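[1] Okay, here's the prediction I keep looking at, along with the sequence it came from:
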Amino acid sequence: SSPAPLPRRHPRLPTRAAPLSAVAEPPVATASHELPLERVATQPLPWKEMGFAYVRTNTYLRYTCRVPDDPNEPVKWDEGVSETNPTINVPIGATALHYGQSCFEGLKAFHCADGTVRLFRPDQNAIRLARSANRLVMPQVPADLFIAACKRAVRENIDYVPPYSSGGSLYVRPLLLGTGSVIGLSPSKEYTFLVMVTPVGDYYKGGLSPVSALVTDGYDRAAPRGIGHVKVAGNYAADLLPNVETKRAGYAVNLYLDAKEGRYIEEFGTSNFVAVKGAKYVTPDSASVLESITNKSLMELAPEVGLEVERRPVDVAELEEFDEVAACGTAVVVTLIGEVVVKGESKKVGKDGEGKKFRELYKIVRDIQKGDAEDTRGWTYNVYE
């Protein structure tokens with residue numbers, strides 16, 4: 001007898017969040033005769049046109065735990081469940097809603113040249129999430145659970161992994177939330193760990209074309225000894241208004257100075273500040289800056305392009321002295337900066353935005369991510385291993 005027809009796939013999905021009524025379809029079933037890697041990029045999506053926006057996928061993962069009353073008793077996470085409905089039930093008294101007990105991560109999975117699908121440096125994201133959890137008095141997600149959950153989420157949505165030829169990736173967003181009901185200010189007793197994924201293209205449409213940045217005036221991103229060094233929801237809430245105002249003013253990114261003196265460069269709204277000056281790779285040394293895994297990777301690779309890493313305070317007055325300036329982060333790897341506006345004054349940075357060294361570093365990172373170069377550092381993790 002002839003084989004059964006393949007199950008119906010999702011219709012072409014919007015590249016922005018849709019109302020629940022538009023996304024409540026059941027997930028795509030998997031034909032039993034299909035090998036997992038043959039299902040990469042089998043969703044009918046405009047892969048080369050995708051930006052950095054939410055697209056509903058098949059499933060997300062949910063893990064829960066309860067903090068024991070006995071502080072000597074270890075926290076135990078459950079085995080996790082796969083959810084298809086793109087909504088979650090959260091108690092009205094959840095600490096994530098009232099007191100911002102919420103942190104998250106961002107990493108990517110890539111369809112590689114050899115046909116495998118690999119995550120980029122998930123072990124480092126696990127470390128950073130643990131640091132964030134500690135700061136918000138939340139239980140850590142063990143690194144082995146974190147990595148296994150990220151792999152599982154990618155496997156369950158393998159048909160949404162953009163093809164190698166597109167240059168896109170499957171963005172993985174783990175979230176840790178306080179979901180126990182508390183009215184007085186205190187940590188939750190119950191927690192939920194979620195892992196969702198969505199296919200993405202470039203965060204900034206300009207790619208490696210230089211963009212203009214605006215120094216944020218009148219707002220601070222983080223205070224000394226605050227929570228700027230951890231990836232918690234509150235940090236990003238603080239940037240929403242300045243970010244919107246920056247975009248309305250016609251700039252791609254905003255740049256923050258330190259809260260104490262308003263003199264030293266901290267970081268861009270959603271990414272680290274990096275620069276090249278002579279043979280130096282320069283990035284701010286500040287306890288208020290979130291440690292970017294992309295920046296960490298670039299610093300480790302810098303000697304390969306003849307640069308010595310220099311972490312130090314960076315005075316905003318030094319901007320025009322740099323040979324190259326860029327924003328770096330998971331979403332972009334690097335975005336070249338050709339101009340920074342400080343208190344209405346335009347400061348040209350770099351040599352016409354050429355960004356020679358950052359282009360070299362960008363290529364090295366992307367080649368490792370896509371499997372075009374050998375991963376000699378063990379940075380990539382096969383999602384089927």
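    Nice, thanks for sending it over.

[2] quick one: contacts for residue 189?
    Contact partners of residue 189, counting by CB atoms under 8 Å, 6 or more residues apart in numbering, are 66, 67, 180, 182. Every C-beta, even on glycine, is put in place using the N, C-alpha and C of the backbone.

[3] For those residues, give me CSV that also has pLDDT.
    Listed next are the contacts of residue 189 as CSV, based on pLDDT from 0 to 100:
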residue, pLDDT
66, 98
67, 97
180, 98
182, 97
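
[4] Closest to residue 365 out of those?
    Distances from residue 365 to the contacts of residue 189, taken as CB to CB, are shortest for residue 67 (38.1 Å).

[5] so who does that closest one touch?
    Per CB under 8 Å, 6+ apart, neighbours of residue 67: 75, 139, 187, 188, 189, 190, 191.

[6] If you rank the contacts of residue 189 by neighbours, which is first?
    Per-residue neighbour counts (other CB atoms under 10 Å) across the contacts of residue 189 peak at residue 180, which has 20 neighbours.

[7] Would you confirm that that one contacts residue 186?
    No. Assessed by CB atoms under 8 Å, residue 180 is found out of contact with residue 186, at 9.9 Å.

[8] Mutual contacts of those two, please.
    Common neighbours of residue 180 and residue 186 (CB under 8 Å, 6+ apart) do not exist.

[9] Helix, strand or coil: sort out residue 334 for me.
    Under DSSP: H, G, I helix; E, B strand; the rest coil, residue 334 falls in the strand class.

[10] What distance do you get for it to residue 309?
    15 Å (CB to CB, to the nearest Å).

[11] more neighbours, those two?
    In this view residue 334 and residue 309 are compared by other CB under 10 Å, and residue 334 has more residues nearby, 26 against 16.

[12] Next up, the contacts around the more buried one.
    Residue 334 is in contact with 208, 274, 294, 298, 326, 327, 328, 355, 358, 361, 362, counting by CB under 8 Å, 6+ apart.

[13] Which entries within the contacts of residue 67 meet the buried criterion?
    139, 187, 188, 189, 190, 191 (16 or more other CB atoms under 10 Å).

[14] Closest to residue 160 out of these?
    Distance to residue 160 across the buried ones among the contacts of residue 67 (CB to CB) is lowest for residue 191, with 27.0 Å.

[15] Correct me if wrong, but that closest one is in a helix.
    No. Going by three-state DSSP, the assignment for residue 191 is strand, not a helix.

[16] May I have the predicted confidence score for it?
    As predicted, residue 191 sits at a pLDDT of 98.

[17] what number of residues lie near the nearest residue to residue 42 once chain neighbours are set aside?
    Nearest non-adjacent residue to residue 42, counting by CB to CB, 6 or more residues apart in numbering: residue 159, 4.4 Å away. Other residues near residue 159 come to 22 when the count uses other CB under 10 Å.

[18] Check the secondary structure at residue 159 for me.
    Going by three-state DSSP: residue 159 is helix.

[19] Setting aside sequence neighbours, what's the nearest residue to residue 196?
    Nearest one to residue 196, counting by CB to CB, 6+ apart, is residue 60 at 4.1 Å.

[20] surely that neighbour meets residue 193?
    No. Contact between residue 60 and residue 193 fails when scored by CB under 8 Å: they sit 10.9 Å apart.

[21] in the chain, which segments are predicted with low confidence?
    For the chain, applying pLDDT under 70 flags the ranges 1-34, 202-207, 352-353.

[22] so residue 182 touches residue 98, yeah?
    Yes. Using CB under 8 Å, residue 182 is in contact with residue 98, at 7.2 Å.

[23] can you give me the helices for this protein?
    20-23, 95-98, 122-135, 143-156, 233-248, 293-301, 356-370 (DSSP state H).

[24] quick one: residue 294 from residue 378, how far?
    Residue 294 sits 17 Å away from residue 378, going by CB to CB.

[25] Of the two, which one has the most company?
    Just comparing residue 294 and residue 378: by other CB under 10 Å the higher neighbour count belongs to residue 294, 23 against 8.

[26] Please compute how far stretch 293-304 lies from its chain's middle.
    Taking the mean of its C-alpha atoms, stretch 293-304 sits 17 Å from the chain's own mean (CA atoms, centre = their mean, to the nearest Å).

[27] outside of that stretch, which residues touch it?
    In contact with stretch 293-304 (CB under 8 Å, 6+ apart) are residues 107, 121, 124-125, 128, 271-272, 274, 281, 283, 308-309, 328-330, 333-334, 361, 364-365, 377, 379.

[28] nearest spatial neighbour of the spatially most central residue of the chain, skipping sequence neighbours?
    Nearest residue to the geometric centre of the chain (CA atoms, centre = their mean): residue 106, 2.8 Å. Leaving aside its sequence neighbours, residue 106 sits nearest to residue 330 (CB to CB, 6+ apart; 4.7 Å).

[29] Can you get me a residue count around the residue nearest to residue 196?
    If we define neighbours as other CB under 10 Å, then residue 60 has 23 of them.

[30] Equivalent analysis for residue 219, please.
    14.

[31] Which residues are in contact with it?
    238, 241, 242, 256.

[32] Farthest-apart pair in the residues you listed, please.
    The largest separation in these, counting by CB to CB, is between 241 and 256 at 12.9 Å.

[33] So which of these two has more stuff around it?
    residue 256 (25 against 12).

[34] Would you agree residue 199 is in contact with residue 45?
    Yes. Residue 199 is within contact range of residue 45, at 6.5 Å (criterion: CB under 8 Å).

[35] Cheers, nothing more for now.
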